[in-house]
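**Student:** Here is my input; please provide its structure:
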Amino acid sequence: MPQMAPMSWLYLFITFTMIFIMFNYLNYFVFMKTTTNKKSMTMKSLKSLNWKW
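**Tutor:** Okay, here's the model as predicted:
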């Protein structure tokens, strides 16, 4: 039965921590882009519906 290459637990911990941080970093900016687009769209729609009676 094959065994894993000898890797220290510290190396594995650092690797998975970096992957986790990069995933959260990218996820944060993806959601920030969508919220800024939604805000600009709502502002445009509010300006077009601003009637003076």
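**Student:** Y28: which element?
**Tutor:** helix 9-48 (DSSP states H and E).
**Student:** State the mean pLDDT of that helix.
**Tutor:** The average pLDDT within helix 9-48 is 77.
**Student:** What count of nearby residues applies to N24?
**Tutor:** Using other C-beta atoms under 10 Å, N24 is surrounded by 10 other residues. Quick note: C-beta positions are derived from backbone N, CA and C, even for glycine.
**Student:** Okay, it and V30: tell me how far apart.
**Tutor:** 11 Å (C-beta to C-beta, to the nearest Å).
**Student:** Tell me how many other residues surround I19.
**Tutor:** I19, neighbours per other C-beta under 10 Å, totals 10.
**Student:** what's it in contact with, if anything?
**Tutor:** For I19, the contact set (C-beta atoms under 8 Å, 6 or more residues apart in numbering) is empty.
**Student:** Please tell me how far it sits from M32.
**Tutor:** For I19 relative to M32 (C-beta to C-beta), the value is 21 Å.
**Student:** Count residues in the vicinity of F23, would you?
**Tutor:** If you count neighbours by other C-beta under 10 Å, F23 ends up with 10.
**Student:** sorry, that was for Y25
**Tutor:** Using other C-beta under 10 Å, Y25 has 10 neighbouring residues.
**Student:** Next: L26.
**Tutor:** L26: 10 surrounding residues under other C-beta under 10 Å.
**Student:** go on, K33?
**Tutor:** Neighbour tally, K33, other C-beta under 10 Å: 10.
**Student:** which residues touch it?
**Tutor:** Residues near K33 by C-beta under 8 Å, 6+ apart: none.
**Student:** separation between it and F16?
**Tutor:** Distance from K33 to F16, counting by C-beta to C-beta: 26 Å.
**Student:** backbone phi and psi for P6, please?
**Tutor:** With angles defined as degrees, to the nearest 10, P6 sits at phi -70, psi 110.
**Student:** Can you check the pLDDT for it?
**Tutor:** 74.
**Student:** So it versus L12, what's the distance?
**Tutor:** 11 Å.
**Student:** and if you look at I21?
**Tutor:** Remark: distance between I21 and L12 (C-beta to C-beta) = 15 Å.
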